[in-house]
Every structure is written in C-alpha cells, then in structure tokens.
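Novice: Here's my sequence, what's the structure:
(chains A and B)
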Amino acid sequence: MSTALQNLVNQPYKHGFVTDIESDIAPKGLSEDTIRLISSKKNEPEWLLSFRLKAYNKWLSMKEPHWQNVTHNKIDFQEISYYAAPKPKKKLASMDEVDPELLRTFEKLGVPMHERAALAGVAVDVIFDSVSVATTYKKKLAEVGIIFCSFSEAVQDHPELIKKYLGTVVPVGDNFYAALNSAVFTDGSFCFIPKGVKCPMDLSTYFRINTEESGQFERTLIVAEEGASVSYLEGCTAPRFDTNQLHAAVVELVALDNADIKYSTVQNWYAGDEDGVGGIYNFVTKRGLAKGVNSRISWTQVETGSAVTWKYPSCILRGDNSVGEFYSVAVTNNHQQADTGTKMIHIGKNTRSTIVSKGISAGYSNSSYRGLVRITPTAEGARNYSQCDSMLIGDQCGAHTFPYIQVQNSSAKVEHEASTSKIGEDQLFYFSQRGIDAEEAVSMIINGFCKDVFQQLPMEFAVEATKLLSFKLEGSVG
Amino acid sequence: MINQNSKILLEIRGLHATINNVEVLKGIDLTIKSGEIHAIMGINGSGKSTLAKVLAGHSAYEVTAGNVLFEGKDLFELAPEERARAGIFLAFQYPIEIPGVANNQFLRLAYNTVQSERGKEELDPLEFDDFVREKMKLLEMNPDFLDRSVNEGFSGGEKKRNEILQMALLEPRISILDETDSGLDIDALRVVANGVNQITNADNATLLVTHYQRLLDYIVPDFVHVMEAGRIIKTGGKELALELETRGYDWVSKENNILAGAAS
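Specialist: Model (predicted):
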C-alpha cells in the first residue's frame, strides 16, 4: 500500500472521548440476582422478570458460537457490569433540563438533537448508556396514534403490547447472544404504528456506549399493524477504550398485512486502534417477521465500526406475497473483522427477497458475507436475487463469501451473483494522471461501488454514510 | 509544426529508469518545443511506453539518473496529479476500467480539478454536460457513454476515444499518446486522429508512441525517433517513419551498432 492510501485510512477515531457523567453501575457479574436487580430497578411486571429468567436459564445451557469467520479474545461474562444508568439529577420535563454535559456530547458527535429534529423533521429517541433521557416529537406522533418511546417507558405504559410481541420474532433461546440480551437488556426503543397509519417522519435513534466495561444490551421492538408503514433510522458512535466492549442487541420487527417497515443503520462503534487494540464486539441479532400478506421488511445497513461484527439482519417471509430486502455496506480497516449477512426464510407463497451486499476490506482486516436463502416447501413461486460484491484495498486484507441456499420447493427461483474487485495502483494512477488525488479517487470508487445500497438510505443518512466511508478509508489507498 | 519562436516545453537529459531493479531507460535525451509533434517508434520492449509512464509519474518506475525539465521546472519534483494539473497528459495504451464511477462524474471532477489549478472557472453538472457534449462531437461519440462507468465494457475504440476526449477537455501543454492507434480499425483511427489534430496548436506539443507508420499518415510528425534498448538511436523527419515501414527496424539497429563501434 502506498503511503497516501495508508494516511487516508489511518486517521484517528473522531468520536473518541468519554463524557464525565455520574453513572449508577451495578456490580460486575451475571446471576439471577443481577437480573432481579435490573428488573426491580426498572420496576418491571412479574411476567417480564420471568421472561428474563427463562432466557437466563437457556443461556446457561448454551455455548458461544464459534462457526463465524472471526477470532477475538474470550469474553468473561462475569467481568461485565450489566446495568449502568446516568443518575438523573431531577425529573426531566423538557430538553432544557437535560444534563448539559450530555448535550455537549451530542454536539461533539454532530447531533444537535433539537435542531436536527426540528430542521430535518426527525424525532430522535436518544439512548445514553441504556437509559433514554429525552424523546422529541412524541406528541406529534401521538396525535396519529404512533407510540415511539424508550423500551422501559413502553413496559410501564403499554405492557399489553410488549407482552404480545416481545420475543415473538427472536425467541429467548434463539442464540447465545440473543439469550443473553433477553436476560439482561436494560433499555432500547419501542415503536408501534397502528393500523392504516403512514408514519409522517423518519424515526431516529442514536446509540452511544459511554461507560467503560458496561455491556450494552439494547432491545428494540417495532410493530407495524395492518397497512401501516414506518422508516426507522439507527445510528451509532462510541468513545474509544482499550478494553473490549460487548454490544449484544436484539431488534425485532413485526409487519402485519400490507405493512411496511424500513430499518436503516449506520454503525460506527469504536473499531480499536490501528494495531487492533480495543474496539467494540458487536454481536447483534436483528430479525423481521413479515407476518401479514403483502408485508415488507427492508434492512439497509452501513457498517463501518466495531472491532468484531457478527450480525445477520434477517427476514422471515411468512405472509403470502411478502417482501424481504437486505442492502448492506460493510467496511473493515486495520484489524477489524466482520462476519455479516442476512437470512431470508421464505414460507408464504410468492414471497420475494433481494440481497445486495457490498464488502470493503482495507488494511489487515477481514470481511465475510454469510447469507442463507431458504425456500420452505410451502413457498410456492418464491424468488430470491442475491448479489455479493467484495472490494479489496491493499494486499493484506481478506474478503470471503459464504452463501447458503436451501430450496425445498421446485417452483422457486433463486439467483446468486458474486464478484471481487480491487482498487489497484493502476486505477489510482489513472485518476492521478487526470489530476485527481488518491483520496478523492478512493472516495469516488467506493461511492460508486456502494451506490446500489446508498440509494436505499434516506437522503440525510446517505450523505452521512458517504462522508463516513471516505473518512474511514482515508489513508488506506495509494 | 516547427516554429522559430516556439518555447521549450519538455527537456529530457540523460534519463535512466528502472522497474524491479531492471534498467529500461538507459540515457534518453529529447527536447520538445511548443507546436511540435514528435513520434517515438521502436519494437516491443524498446522502452517507448516506459518513457511515457515515467514522464507521467507511474510509481512502478524508479528514475535512477538524469533530469526532466517541464516548462523550466523539475518534473520529478511533482507528484503525478500535480504533473497532470500542470499540463502533462498521458493517453493510456490500455485505459483501465473503473466500475461504478460514472464517466460524466469522472470527467467533470478531472476537468474542474485542472480548471481550479489554473485559476479558471469550474462548471456545475449542467454546464459541464453541455460543454462535454460539444467536445464529444469532435470524436463522434454517442452521448449515452457519459452515463456508463469509466471505460467499463467499452470497446477498444471507445476507450481510445475516451482518452482523446479527456485530452480535449483538459487542454494539456504536452500530450503523450501511448499506442493510441493500437486496436483501432481504420475508421476509428481516422476519427481519433482527427480529434488529436483539432486539439494540437502552436502552444502545445504532442509525443506519439507507436509501432506503426499508419497513425502518422493522419497525425503528421515533425520528428521521428527510433528507440532501441532504452535509448533513442536515430532521429529524423516524417520520412523516417515511411522508411521504417518498408525496411523494418533491423537496419537502424545495425547502422547504430556500426556507429557505436566506430565511436569506441
């Protein structure tokens, strides 16, 4: 790799700072007592505590998965503190009462929340170390019957909805990390779009890990009733630390008849330093259930952060004619590792799915696409189209594709295309011979490569994503 | 066109260069003035294309001796993109494909980068579209190629036209055309040559690297140089190219050996 490219990729992490806010941290370690503590701190109903305990017992009998194409330090689950909340100085009635330190953090991150909300028409449900501290536009959304609040609030205010849908898409014992999350999740977001309502604005949540060695176990549940539609944006940054932090979130989406859920993520957790020290372990279970006829679940993700990523946003296409989509850009640099992809489970008739995955690897990083397309016997006329492209920058990185295709209905049509390309010295020389320097050249090539995914993102997110990618890969080519 | 009042654009003195520690240029001397068209001919492996790439600044080559002045400045002080902005243009023998990058975006970025360097006005996408379409007429190009990815799936002829289109857009001081005639049928050759002829004027200069006389029927050189084993072994006028066409390269080589023998 030439030096220009290296400099480009190796800029220090911009969002690496720690906010000094008093945290209310539970003692390290995981036991039934920890779970009872979390549940009582959050004043939860009995059924939710049993949900947690059931998950915990499942988890005890499970083993960490090792099939993924990544290596990382062993996680000591007894060394993690499972609950951390900023101590509220008093009850917050408005934005003015939010801790100014917290607001400054958002400023540093470039998320002037109230302005952003007002100007862009985005309601931001801000998660800060597991507890929501401010929710905007709630009233406006409430007028049309939309519920958009922190998970904890939802448990208090809408327990019947939570009880009805929680764990229906990702069961408590689904996998090791989902079980862990189900046992110890502290907060997250809940979004409910009632029958026939088109959500008038994009809903957005910003996540941020702020306490060293506090695991993050977010829980998100989005339900769109018959004919409802919503576009949900999730964005993440985290401050830099030298000890690895586990992030094991669970996201469940439920779309009833003719409902439409679009879930977009820009993920920029701290990835560790250039020698691979530190960084977030991002082990996330995201799944959408296209339950009703003609329903649609669409995942779009731009993954640039984390030391290790293990994530497969999936769709269960149960309703006839339901549609599942997965658009992904995963960028890894330095010593980052990503094993990401999707699962499309076709159950209903004439179900359709599209997978577009773009992996970009630079430095010493390793990026794998792992995807399952399963056509069950009932999925008459199901169709899938998958496209997996990898791009390599430099000659020390790796890209892998693991497609699993299981077809049990002969009327199904499944297509898979894959390609691997490389930003070569000769391409960069061509740009430079036309007066264009390496940074701009890489940015142009990468944006071209990711075009199919970026155009799926809401406008302001697409702009952010474009900038983020250029920033991530600065110095990696030359 | 040889002109008494022309300025020296490029002055190459004793240039040696290596690739992977193998010396491929072994002492090149060449002076190019504004308004002139030079042709460098020679068999494969004689170092013609290497000279073109070294002048443009390809990182695979290392300059081991000699110097090059471009408009009086040390060329090797400039990074490849700085050379391009200063007015050195290389039309590639094998223009590389850049999937996903639209040709119009690429052309506009290149154009605006060079314009800005020269303190001239940059064009927005709409203005540029009008401007580039006008230039494309020069090369009889189909406008739909603006929306395609740079060189991706282009035929050999389309790639070469795209190179000359870039030359027309960037208005270089000196254009180095590396085997621009290779892979072109006779009609495409005529179009490309016609484009080049409309771009050349008394203020700029052209260095043609070619195997064959054919191109020189359309772009008439003022000087023809024959390269062998990393050196220019003979220089003449346009008639030298015709002689090479009928007699091949062997006789130049022999003549040179005799001269070299006599000198030593």
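Novice: Which single residue of chain B ends up nearest chain A?
Specialist: In chain B, no residue comes nearer to chain A than B:Gly100, which is 2.8 Å away by C-beta to the nearest C-beta. For every residue, glycine as well, the C-beta is placed using N, CA and C.
Novice: what helix or strand does that residue sit in?
Specialist: Secondary structure from DSSP states H and E places B:Gly100 in strand B:98-102.
Novice: same deal with A:Pro171?
Specialist: Under the assignment given by DSSP H and E, A:Pro171 is not contained in any helix or strand.
Novice: Same question for B:Asn112.
Specialist: Assignment of secondary structure by DSSP H and E places B:Asn112 within helix B:103-117.
Novice: mind listing what's buried in that helix?
Specialist: Across helix B:103-117, burial judged by 16 or more other C-beta atoms under 10 Å in any protein chain shown covers B:103-115.
Novice: Provide the secondary structure category for A:Ile162.
Specialist: helix (DSSP: H, G, I helix; E, B strand; the rest coil).
Novice: quick one: contacts for it?
Specialist: A:Leu48, A:Phe151, A:Ala154, A:Val155, A:Phe190, A:Leu221 (C-beta atoms under 8 Å, 6 or more residues apart in numbering or on different chains).
Novice: Also A:Val329?
Specialist: Remark: with contacts taken as C-beta under 8 Å, 6+ apart, A:Val329 is in contact with A:Gln301, A:Val302, A:Glu303, A:Lys358, A:Gly359, A:Ile360, A:Cys450, A:Val453, A:Phe454, A:Ala465, A:Leu469.
Novice: Test my guess that the third one contacts A:Val331.
Specialist: Translated: A:Glu303. Yes. If you go by C-beta atoms under 8 Å, A:Glu303 and A:Val331 touch, sitting 6.8 Å apart.
Novice: In contact with B:Leu78, which residues?
Specialist: In this structure, B:Leu78 makes contact with B:Gly57, B:Phe70, B:Ala86, judged by C-beta under 8 Å, 6+ apart.
Novice: how does it look with 10 Å?
Specialist: Listed by C-beta atoms under 10 Å, 6 or more residues apart in numbering or on different chains, the contact set of B:Leu78 reads B:Gly57, B:Phe70, B:Ala84, B:Arg85, B:Ala86, B:Ile88.
Novice: and the fifth one, how many neighbours does it have?
Specialist: Right, B:Ala86. The tally of other residues near B:Ala86 (other C-beta atoms under 10 Å in any protein chain shown) stands at 19.
Novice: Surely it touches B:Gly72?
Specialist: No. Using C-beta atoms under 10 Å, B:Ala86 is not in contact with B:Gly72; the gap is 11.5 Å.
Novice: Give me the neighbour count for residue 200.
Specialist: No chain in the question, so chain A it is. Around A:Pro200 there are 14 other residues, counting by other C-beta under 10 Å.
Novice: Wait, chain B was what I had in mind.
Specialist: By other C-beta under 10 Å, neighbour count at B:Thr200 equals 18.
Novice: again with the one 4 residues further on
Specialist: Around B:Asn204 there are 20 other residues, counting by other C-beta under 10 Å.
Novice: In contact with the nearest residue to A:Lys195 once chain neighbours are set aside, which residues?
Specialist: In this structure, A:Lys195 finds its nearest non-sequential neighbour in A:Glu225, 4.3 Å apart by C-beta to C-beta, 6 or more residues apart in numbering or on different chains. Residues counted as contacts of A:Glu225 (C-beta under 10 Å, 6+ apart) are A:145, A:192-197, A:254-259, A:292.
Novice: is the helix holding B:Asn112 anywhere near chain A?
Specialist: Yes. Part of helix B:103-117 sits close enough to chain A to count as contact by C-beta under 10 Å from any C-beta of the partner chain, namely B:Gln105, B:Phe106, B:Leu107, B:Leu109, B:Ala110, B:Tyr111, B:Asn112, B:Thr113, B:Val114, B:Gln115, B:Ser116, B:Glu117.
Novice: Name the residues of the helix or strand just after that helix that are buried.
Specialist: Next along the chain after helix B:103-117, taking DSSP H and E as the criterion, comes helix B:125-138. Neighbour counts using 16+ other C-beta under 10 Å place B:Phe128, B:Val132, B:Lys135, B:Met136, B:Leu138 of helix B:125-138 among the buried residues.
Novice: Helix B:125-138 - contacts with which helices or strands?
Specialist: Contact partners of helix B:125-138 among helices and strands, from 3 or more C-beta pairs under 10 Å, 6 or more residues apart in numbering or on different chains; DSSP states H and E: helix B:103-117, helix B:156-170, helix B:186-199.
Novice: List the contacts of that helix.
Specialist: Counting by C-beta under 10 Å, 6+ apart, helix B:125-138 makes contact with B:103-105, B:107-109, B:111-112, B:121-123, B:141-143, B:145-146, B:161-162, B:164-169, B:191, B:194-196, B:198-199, all of which sit outside it.
Novice: Just the buried residues out of those, in ChimeraX syntax.
Specialist: In ChimeraX, the members of these classed as buried (16+ other C-beta under 10 Å) are selected with the following command:
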select /B:103,104,105,107,108,109,111,112,123,141,145,146,161,162,164,165,166,167,168,169,191,195,196,199
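Novice: Going by proximity to chain B, name the top residue of the stretch 351-478 of chain A.
Specialist: Closest approach between the stretch 351-478 of chain A and chain B, counting by C-beta to the nearest C-beta: A:Gly448, at 2.8 Å.
Novice: Would you list the phi and psi of that residue?
Specialist: Listed backbone geometry of A:Gly448 is phi -60, psi -40, with angles given as degrees, to the nearest 10.
Novice: likewise A:Ala154?
Specialist: With angles defined as degrees, to the nearest 10, A:Ala154 sits at phi -60, psi -40.
Novice: Nearest residue to it in space, please, no chain neighbours.
Specialist: Leaving aside its chain neighbours, A:Ala154 sits nearest to A:Phe190 (3.6 Å; criterion: C-beta to C-beta, 6+ apart).
Novice: For that neighbour, give me its contacts.
Specialist: Under the contact definition (C-beta under 10 Å, 6+ apart), the residues listed for A:Phe190 are A:125, A:147-155, A:157-158, A:161-162, A:165-166, A:219-223.
Novice: what bridges to it?
Specialist: Beta bridges link A:Phe190 to A:Cys149, A:Leu221 when assigned by DSSP bridges.
Novice: And the spatially most central residue of chain B, how far from A:Lys195?
Specialist: In chain B, the residue lying closest to the centroid (C-alpha atoms, centre = their mean) is B:Ile176, at 1.3 Å. Counting by C-beta to C-beta, to the nearest Å, the gap between B:Ile176 and A:Lys195 amounts to 69 Å.
Novice: For chain B, what's the nearest residue on the stretch 151-300 of chain A?
Specialist: Here the residue of the stretch 151-300 of chain A nearest chain B is A:Thr300; by C-beta to the nearest C-beta that distance is 17.9 Å.
Novice: and that residue, helix, strand or coil?
Specialist: Local secondary structure at A:Thr300 is given as strand here, using three-state DSSP.
Novice: mind listing what it touches?
Specialist: Taking C-beta under 10 Å, 6+ apart as the criterion, A:Thr300 is in contact with A:231, A:233, A:262-266, A:313, A:325-329, A:356, A:453-458, A:461-462, A:465.
Novice: Return the subset of those residues lying in strands.
Specialist: Under the assignment DSSP state E, the contacts of A:Thr300 contribute A:231, A:233, A:262-266, A:325-329, A:356 to strands.
Novice: List just the nearest of those to A:Ser421.
Specialist: Using C-beta to C-beta, A:Val329 is the member of those that lies nearest A:Ser421, at 14.4 Å.
Novice: partner residues bridging that closest one?
Specialist: Using DSSP bridges, the beta-bridge partners of A:Val329 come out as A:Val302, A:Lys358.
Novice: Next one: the residue nearest to A:Leu49 when sequence neighbours are not counted from A:Asp174, what distance?
Specialist: What sits nearest to A:Leu49 in space, not counting adjacent residues and going by C-beta to C-beta, 6+ apart, is A:Ser39, at 4.4 Å. Distance check for A:Ser39 against A:Asp174: by C-beta to C-beta, it reads 20 Å.
Novice: again with B:Ala84
Specialist: For B:Ala84, the distance to A:Asp174 (C-beta to C-beta) stands at 55 Å.
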